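S.K.: missing the sequence, but the structure's below:
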């Protein structure tokens, strides 16, 4: 009898303890931290404002400094403004050698071509700008203008900005006044043009 009573007490205590502690329900379970939700599409879209007038000024500066560096006849000076690439779409075209058309492709060849032409022509080069066009992303620009050197004529040039934080680099220049067909890849739908095209 005493043993049954003891067993009964142990069972009651066990049941009371179980009820007092309670089982873990979903409401009582510890909450896991939740990750912040993002809008569908991967996050916020950041709009970058482009100052096209400042980009135009930078394009003019680079091409002007390149023209001024030609007078030094130091390739370290003037080739610093060129895109350093051996790609087929990096070139200079001219007819400086007795009026014959020549197209020099790739950074190293362009450097050697300038050094070679200095045996025939040299002096101060100046440029007057007629128009500058800039692409929507401000990574590509074309310019047209006139140049005065040992000879004079008109030119078309393509400049690029490889990375947003990099400066503008010359990629293509045609000094032939267009006498030998279109050489430079001009922008077809620029976001910015100075002077603006006349309205029809």
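M.R.: Looks like it came in fine. Only a predicted model underlies this, so the values are computations on that prediction, with no experimental measurement involved.
S.K.: going forward, measure contacts and count neighbours with C-alpha atoms only.
M.R.: Fine.
S.K.: where does the closest residue to residue 149 other than its chain neighbours land on pLDDT?
M.R.: Spatial nearest neighbour of residue 149, chain neighbours left out: residue 125 (4.4 Å); criterion: CA to CA, 6 or more residues apart in numbering. We have a pLDDT of 96 for residue 125.
S.K.: what's the answer for residue 6, then?
M.R.: 52.
S.K.: list the beta-bridge partners for residue 141.
M.R.: residue 134, residue 159 (DSSP bridges).
S.K.: for residue 99, see how far away it is.
M.R.: 28 Å (CA to CA, to the nearest Å).
S.K.: so which bits of stretch 146-156 are buried?
M.R.: Residues of stretch 146-156 classed as buried by neighbour count (16 or more other CA atoms under 10 Å): 146-147, 149, 152, 154-156.
S.K.: and those, which two are the farthest apart?
M.R.: 149 and 156 (15.5 Å; CA to CA).
S.K.: picking up where we left off before, measure the residue nearest to residue 149 to residue 65 for me?
M.R.: 10 Å.
S.K.: before we move on, the earlier item: when residue 141 and residue 99 are compared, which one has more neighbours?
M.R.: Neighbour totals were compared for residue 141 and residue 99, and residue 141 leads with 29 against 9 (other CA atoms under 10 Å).
S.K.: is it true that residue 102 lies in a strand?
M.R.: Yes: assessed with DSSP: H, G, I helix; E, B strand; the rest coil, residue 102 lies in a strand.
S.K.: list the contacts of it.
M.R.: 93-95 (CA atoms under 8 Å, 6 or more residues apart in numbering).
S.K.: coming back round to it: just put the buried residues of stretch 146-156 in TSV and tack on distance to residue 172 and pLDDT.
M.R.: Shown next, in TSV, are these (distance: CA to CA, whole Å; pLDDT from 0 to 100):
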residue	distance to residue 172	pLDDT
146	16	97
147	15	97
149	18	94
152	18	92
154	14	97
155	10	98
156	8	98
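S.K.: make a markdown table from these and add distance to residue 175 to it.
M.R.: As requested, the buried residues of stretch 146-156 are exported to a markdown table (distance: CA to CA, whole Å):
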| residue | distance to residue 175 |
| --- | --- |
| 146 | 9 |
| 147 | 8 |
| 149 | 11 |
| 152 | 9 |
| 154 | 6 |
| 155 | 5 |
| 156 | 7 |
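S.K.: pLDDT at the closest residue to residue 135 other than its chain neighbours, what is it?
M.R.: In space, and not counting its chain neighbours, residue 135 is closest to residue 190: 4.6 Å by CA to CA, 6+ apart. pLDDT recorded at residue 190 is 96.
S.K.: right, I'll leave it there.
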